[in-house]
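> can you look at this prediction? I've put the sequence above it.
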Amino acid sequence: MNERGEISKINLQERLTTFKEVSRGFNAAECLKEAARCLQCTKAPCSKGCPAGIDVKEFIRLIKEKKYTESLAKIREANSLPAVCGRVCPQEEQCQAACVLAKRLDPIQIGYLERFVADIEIESHALLPQAKAVSGKKVAVIGSGPAGLTCAADLAKSGLEVYLFEALHKPGGVLVYGIPEFRLPKKIVDHEVKYLQSLGVNVERNAVIGRTYTLDDLRQKGFKAFFVGVGAGLPQFLNVPGENLNGVYSANEFLTRINLMKGYCFPEYDTPVKAGKRVGVFGAGNVAFDSARCALRLGARDIFIIYRRTLDEMPARHEEIENAREEGIKFHLLSSPKEIYSDNNGSVKGVICIKNELGRPDSSGRRSPVPIAGSEFGIELDTIVVAIGTNANPLLISQITGLKLNKRGYIEVNDEMQTSVEDIFAAGDIVSGSATVISAIAQARLAAKAIAKYLK
Ligand code: FAD
Ligand code: SF4
C-alpha cells in the first residue's frame, strides 16, 4: 500500500506484457492496520450491504486478534468463494458503500481483508475437508460456475451424493473462461474445485446436459433432484451492418479463446487469437474492460472502449476502470455504432459511430442515449469485440417440459429457488440474467437448503 492508502500493483511494464495478477493485495501488516480502522459499529450496516450477508464486523474483529482461520470460517458461513469475491465483487456498491466510514469517503477495504484471509488458506495448502458418508440420494448440479460450485459444496456437506456436470473441459464457469488471470488467478478456482472433490463431489467435465445426457437420462440413472446453474452465456450482438466481417468477435468467444483455451500462450497452447493493433470494444461492463485489457496484453496498442453513455453510467467495477486508464485504454463516450466497414478482403477496417446526448432515464434507471443527427464520425480499427450483454442459452431449458420462463427467457423460481418443475431448482445468471458472482452464490445457497429439505 502506498502513503495514500492505495493497494500496491505490479509495475506497468509487466501489466502491458503479461497476464500476471495486477493487484498485490494486503500484506499482513497492511491487513492488520486496515482492520484496526474498523469501528465495530453496533448496527454494522456493512453486512446488509453484502448480498450474501457476511458477518463483516465479526470477521474483521477476528482479524484484529490475528485469528485468521476463524475469520475465514466466519466468512465461509455465508460465502463459499471468499478468495474470488475478495477480488471481483463490486464492493464499492455493496458492503463498502454501506460502511459508515464511506461517508468520509474512506470505507474499510472489506474486499481486500476478505482476500487476505482466504489467500492464507490457499497458499498454506491447508488440509482439505474429508468427504462425509452420503445418504444415497443423488443430486445433479448442472453448470460449474459460482452458483454450481456453491450449491454442490453445500449439498455434499448435507450428506447428499452430488454429481457436478460441466459442458466445458474445465470447471469454474465465468471464473475460468471469462475473468482473466490478471484479475483472478486460476489457481484459486482450481483450489475451489479440489475443495469440492474433497467433500466427495463427483465432477464430470465435457458433459453438456441436454446433449450428452438429457434430464430424463439422469432421472433413469437415479437422480432425485436437479440444480440448474447454467449461466447466461449467449452473446448479444450490435445488429449493425458489417457485424459478420472477419475480425469481429463476441466478447464471449474472444475471452474464451484467451482465458480458457490459453490463446495468450500460443504456440505453447494451440488456440490462436488475433487481437490486432487497433481494437474497439463495445460496452462498458466488466466484460468489456476484461476484453480491452486482454487485447492490450496480446500486443494491441490503440484500444478504445466505445460506450453509448458516460463514465458515470459505466457498470464495470471502479477499480478496473481505473486500472484500464492506467494501462492506456482510451474511451469514446456517448458513441453508438452505425456500421462496421471493411477492407477489400472482407476484414474489419473501421466503424462509423454516431454521437449521443443523454435523455430521460430508461427501465434501468440510467439516462438513455439519444443520437444527435449529423454527428457521425469514423474510427479505424482492425479488431472489434462486442461486449454489450448476454442472454440465456436455450439449449437445456427449452427441453424441459413445464419449465416456466420469464419474459426475458430466464427461469422463474419461488423464494426457495424451486422452479415450476418440482424436482428442479435453479440459481445464478440463468435466473437473474447477467449479474454478479456473489448474487449467484447467495441464491445457490438458498437452493441447496431447499433441495436438502425437498429430499427429506
Ligand atoms: P456461469 O459462471 O456462467 O457458469 C455457468 C456454467 O454452466 C458454465 O461453466 C457453462 O459452461 C455451464 N453450462 C452451461 N450450459 C450447460 C449445460 N447444458 N450442461 C452443463 N454445463 C453447462 N461478476 C462480478 O461479481 N464481478 C466481476 O468482476 C465480474 N466480471 C465478469 C467478467 C466477465 C468476462 C463475465 C462474463 C462476467 C463477469 N461477472 C462478474 C459476472 C459473473 O461472473 C456471473 O454473474 C457469474 O459467473 C454467474 O454465475 P453462474 O454460476 O450463474 O454462471
Ligand atoms: Fe467496520 Fe465499516 Fe462495518 Fe462499521 S460499517 S463494522 S466500520 S466495516
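Right, received. Where do you want to start? Ligands and ions are numbered 1, 2, ... in the order given.
> what residues does the stretch 1-150 of the chain put near ligand 1?
Within the stretch 1-150 of the chain, the positions adjacent to ligand 1 are 88-89, 142-148 by C-beta under 6 Å from any ligand atom. Where you see a C-beta, it was placed from the backbone N, CA and C, and this is true even at glycine.
> and the furthest pair within those?
Greatest spacing in those, by C-beta to C-beta: Cys89 and Ile142 (24.6 Å).
> please name the nearest non-neighbouring residue to Gly111.
Distances taken as C-beta to C-beta, 6 or more residues apart in numbering place Gln91 nearest to Gly111, at 4.1 Å, with adjacent residues excluded.
> which strands or helices does the lengthiest helix in the chain pack on?
Looking across the chain with DSSP state H, the single longest helix is helix 437-455. Applying 3 or more C-beta pairs under 8 Å, 6 or more residues apart in numbering; DSSP states H and E, we find helix 437-455 packed against helix 82-88, helix 146-157, strand 223-228, strand 424-426, helix 429-432.
> how about the ones you listed in CSV, adding mean pLDDT and mean neighbour count?
Below are those laid out as CSV (pLDDT from 0 to 100; neighbours: other C-beta atoms under 10 Å):
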stretch, mean pLDDT, mean neighbour count
helix 82-88, 96, 26
helix 146-157, 96, 29
strand 223-228, 98, 23
strand 424-426, 98, 27
helix 429-432, 98, 24
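> I'd like those as JSON lines, with distance to Glu357 appended.
Converted to JSON lines, the helices and strands packed on helix 437-455 look like this (distance: least, C-beta to C-beta, whole Å):
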{"stretch": "helix 82-88", "distance to Glu357": "33"}
{"stretch": "helix 146-157", "distance to Glu357": "38"}
{"stretch": "strand 223-228", "distance to Glu357": "42"}
{"stretch": "strand 424-426", "distance to Glu357": "40"}
{"stretch": "helix 429-432", "distance to Glu357": "31"}
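> of these, which approaches ligand 2 most closely?
The minimum distance between ligand 2 and those falls on helix 82-88, with 14.1 Å, by C-beta to the nearest ligand atom.
> off-centre distance for the closest one?
In terms of C-alpha atoms, centre = their mean, to the nearest Å, the centre of helix 82-88 is found 10 Å from the chain centre.
> can you give me the helices in the stretch 151-300 of the chain?
174-177, 186-198, 215-220, 251-255, 286-297 (DSSP state H, counting those that start in this stretch).
> where among these is average confidence lowest?
Among the helices of the stretch 151-300 of the chain, helix 186-198 has the lowest mean pLDDT, at a mean of 92.
> hang on, the earlier thing: nearest to Asn406, of the helices of the stretch 151-300 of the chain?
helix 215-220 (20.3 Å).
> show me where the protein dips below the pLDDT cut-off.
Within the chain, the segments meeting pLDDT under 70 span 1-5, 127-128, 133.
> please redo it, this time with the cut-off set to 90
Scanning the chain for pLDDT under 90 picks out the ranges 1-7, 80, 104-105, 121-136, 192, 195, 261-276, 343-345, 361-366, 456.
> scan it for its longest strand.
Counting by DSSP state E, the longest strand found in the chain is strand 348-361.
> name the helices or strands packed onto that strand?
strand 335-342, strand 367-371, strand 377-380, strand 383-386.
> what's the angle from the longest one to strand 348-361?
Orientation of strand 335-342 against strand 348-361 (axes from the mean of the first three to the mean of the last three C-alpha atoms, to 10 degrees) gives an angle of 160 degrees.
> in strand 335-342, what counts as buried?
Of the residues in strand 335-342, 335-340, 342 count as buried by neighbour count, 16 or more other C-beta atoms under 10 Å.
> got the CA coordinates for it in PDB?
The C-alpha coordinates for strand 335-342 follow below in PDB (Å, rounded to 0.1, in the frame of the first residue of the first chain):
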ATOM      1  CA  SER A 335     -21.000   7.000 -29.000                       C
ATOM      2  CA  SER A 336     -23.000   4.200 -30.700                       C
ATOM      3  CA  PRO A 337     -22.100   2.200 -33.800                       C
ATOM      4  CA  LYS A 338     -23.900   2.600 -37.100                       C
ATOM      5  CA  GLU A 339     -21.900   0.500 -39.400                       C
ATOM      6  CA  ILE A 340     -18.700  -1.600 -39.500                       C
ATOM      7  CA  TYR A 341     -16.800  -1.300 -42.800                       C
ATOM      8  CA  SER A 342     -14.300  -3.500 -44.400                       C
END
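> returning to what we had before: turn the helices and strands packed on strand 348-361 into JSON lines, columns for distance to Gly49.
Listed next are the helices and strands packed on strand 348-361 as JSON lines, based on distance: least, C-beta to C-beta, whole Å:
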{"stretch": "strand 335-342", "distance to Gly49": "33"}
{"stretch": "strand 367-371", "distance to Gly49": "25"}
{"stretch": "strand 377-380", "distance to Gly49": "39"}
{"stretch": "strand 383-386", "distance to Gly49": "32"}
